[in-house]
Every structure is written in C-alpha cells, then in structure tokens.
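Novice: how would this look folded up:
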Amino acid sequence: MSAPRVTGVIQAGGRSTRMGGEPKAMLELGGKRIIERVVDAVGAVLDDLLVVTNTPERYAFLGLPMVADAFPDGGALGGIYSGVRAAGGEAAFTVACDMPFLHPAIVRMLVERAGEGDVVIPRTGGQLETMHAVYGRRCLGPMEARLRAGQLKIAGFFSDVRVVELDAATVARYRAPEVAFMNVNTPEDLARARVLVAELD
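Specialist: Residues are numbered from 1 along each chain as shown. Down below sits the predicted model:
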C-alpha cells in the first residue's frame, strides 16, 4: 500500500484573548513571527500547506492557500475538520499556529506513519497532543457528527476511528516534548519562549 499524501494544515483561527487580543501567531520570536517558524518547520517536511483562518488578510503575507472555518463556533475541532476537508492529500498534519518550537523530525515521524491509522498522535504526560497530529479523511464523518451535536472535545470522536499513538520517549529523541509541543498562550509563555529561542536557535 502506498503511503497517503499528507497536507500540512496550520490552524490560525483562535481569538488570542489571553494575549490581550494580539494574534499569538504574529508575535516575534528570535527575529521571526511565530507562524513563520511553524511554516518553516512543517514546510521542511511537506510541500503542500494551507492555513485555516477566518482573517485571511492577516496571513496573506505567507503566500499560502487559506480556507475559512466551516464551523466558526466549532472551536479547535471545527478548525481541524475544515483543514482535513480542504486538504489536497488523503490526510492532514494539523498544527496550531502558536507552537514556535516544532521539530521537523517529529513532524516527519508522524507523517511517515499516516497510513497506519486514521489519527496519528503523540501522547505526552498522559495528554494527547491533538493540535500536533495527523488526521485522515475517514475522520471527517465522525468529526462532523460531533460538531453538529455541539460536542467539541477533539478526542471525542477517537472511539470511531483507528488511533495510533506515539509515546513521549519517541518524541524526546529529537526534542523535549514540553518544548516541542509548547504553545505561546500568555505573556509568561512568551517570556519563556524568548529564553528558549536563544538556546535553540
């Protein structure tokens, strides 16, 4: 069986309320906007990228295709659904736009296993990294059913599909999971990221 084609999907639909309304993705870190760091890491592995956003004018400078959220009140699950539906490939590697320390080797590891399950996802510290995972097209039906029912927990549909988990030790071969999956949600996160970027760059 040939490996499924995977599209990289960057989720940029959040409201950034914890950052006082300034889009997290546009914050600068080590001379680059966070979303540019995300694009660089995913683009090192995948040629086919798109952005899910309801404010396309904000991200036009990236020069990437953009799609609107099909379920604007569907939270992160709605964004994932929209990205998988719009993806040119059979699966979508979906990642949040506020994760500045993505590691291309971890992205590649997930993408290479895309044919093994409908969801390929890291688990670290007992938590599934739902915003750093591969979702196949077979997830669309179960996702849509939950979105229409107002059940917005991302992992809520996992019982209906085949899920392959990567453990923290596998991830840690390339980068500490708490760094690789770090989100910049608050001013404190940003301060921590500014220390880390000096060490990692």
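Novice: Can you give me the pLDDT of Met19?
Specialist: The model reports Met19 with a pLDDT of 59.
Novice: Ignore what I typed, I meant Ala198.
Specialist: 87.
Novice: got it, and Gly13?
Specialist: pLDDT, Gly13: 79.
Novice: Quickly note the distance from the most centrally placed residue in the chain to Val84.
Specialist: Of all residues in the chain, the one closest to the mean position by Cα atoms, centre = their mean is Val95, 0.8 Å from it. In this view, Val95 and Val84 are 13 Å apart by Cβ to Cβ, to the nearest Å. Where C-beta positions appear, they are placed from N, C-alpha and C, glycine not excepted.
Novice: what's the longest helix in this protein?
Specialist: Determined from DSSP state H, the single longest helix within the chain is helix 187-200.
Novice: so Leu50 sits right up against Leu62, yeah?
Specialist: No. The pair Leu50 / Leu62 is not scored as a contact, 10.1 Å apart, by Cβ atoms under 8 Å.
Novice: can you give me the helices in the protein?
Specialist: Going by DSSP H, the chain shows helices at 34-43, 56-59, 75-86, 104-112, 140-148, 168-172, 177-180, 187-200.
Novice: Turn those into JSON lines, including mean neighbour count and distance to Gly13.
Specialist: Shown next, in JSON lines, are the helices of the chain (neighbours: other Cβ atoms under 10 Å; distance: least, Cβ to Cβ, whole Å):
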{"stretch": "helix 34-43", "mean neighbour count": "22", "distance to Gly13": "12"}
{"stretch": "helix 56-59", "mean neighbour count": "15", "distance to Gly13": "11"}
{"stretch": "helix 75-86", "mean neighbour count": "22", "distance to Gly13": "5"}
{"stretch": "helix 104-112", "mean neighbour count": "19", "distance to Gly13": "20"}
{"stretch": "helix 140-148", "mean neighbour count": "17", "distance to Gly13": "14"}
{"stretch": "helix 168-172", "mean neighbour count": "16", "distance to Gly13": "25"}
{"stretch": "helix 177-180", "mean neighbour count": "19", "distance to Gly13": "22"}
{"stretch": "helix 187-200", "mean neighbour count": "14", "distance to Gly13": "19"}
